[in-house]
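>>> Quick one: sequence plus predicted model below, questions after.
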Amino acid sequence: MLTPDEFRDAQAMRDKGWSISVIARHLGRDRKTIRAYLAGQREPGRRGGAARRIDPIAPYLQYCTTRLTDDPHLAATILYTELAALGYQRDYRTFTRTLRELNLRPVCPECTAAKKDGRHER
């Protein structure tokens with residue numbers, strides 16, 4: 001992130017004809033960062049990157065939650081196929097990793113009880 005002062009400095013250097021690489025070295029920043037700020041893709045004083053990206057699964061979260069609540073044993077492959085038909089464009093590994101990270105799969109009370117009793121069949 002560039003501070004507003006660093007951004008003003010970068011603009012002044014660019015106006016003097018300095019290259020992106022020289023500005024980046026002078027400010028101790030990555031040249032891609034400097035390029036993004038000078039191109040207006042980022043705002044000084046605000047974090048960019050991952051914090052501002054749209055999560056690709058966000059439009060499908062309600063659907064996933066509903067399906068997994070209705071059937072906690074629903075196979076991830078089936079849910080992934082359904083989401084792909086709805087327009088989800090990430091790969092299967094990314095999808096399953098997101099399911100785990102967001103802890104979307106509910107706990108099945110019957111399976112939990114069966115595990116405790118030593119009679120888990122699934």
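Now that the structure is in, tell me what you want to look at.
>>> So which helix or strand of this protein has the lowest pLDDT on average?
Ranked by mean pLDDT, DSSP states H and E, the weakest helix or strand in the chain is helix 109-117, scoring a mean of 77.
>>> Let me see the residues that make contact with stretch 29-43.
Stretch 29-43 is contacted from outside by 1-2, 6-7, 10-11, 14, 20-21, 23-24, 27, 44, 48, using Cβ atoms under 8 Å, 6 or more residues apart in numbering. To be clear about C-beta, it is placed using only N, CA and C from the backbone, and glycine gets the same treatment.
>>> could I get these as TSV with pLDDT and secondary structure?
Putting the contacts of stretch 29-43 into TSV (pLDDT from 0 to 100; DSSP: H, G, I helix; E, B strand; the rest coil) gives the following:
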residue	pLDDT	secondary structure
Met1	85	coil
Leu2	88	coil
Glu6	92	helix
Phe7	92	helix
Ala10	95	helix
Gln11	95	helix
Arg14	95	helix
Ile20	95	helix
Ser21	95	helix
Ile23	95	helix
Ala24	94	helix
Leu27	93	helix
Pro44	85	coil
Gly48	58	coil
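>>> Narrow these to just the buried residues.
Neighbour-count burial (16 or more other Cβ atoms under 10 Å) is assigned, among the contacts of stretch 29-43, to 1-2, 6-7, 10, 20, 23-24, 27.
>>> of all those residues, which comes closest to Thr65?
For the buried ones among the contacts of stretch 29-43, the minimum distance to Thr65 (Cβ to Cβ) is 33.3 Å, reached by Met1.
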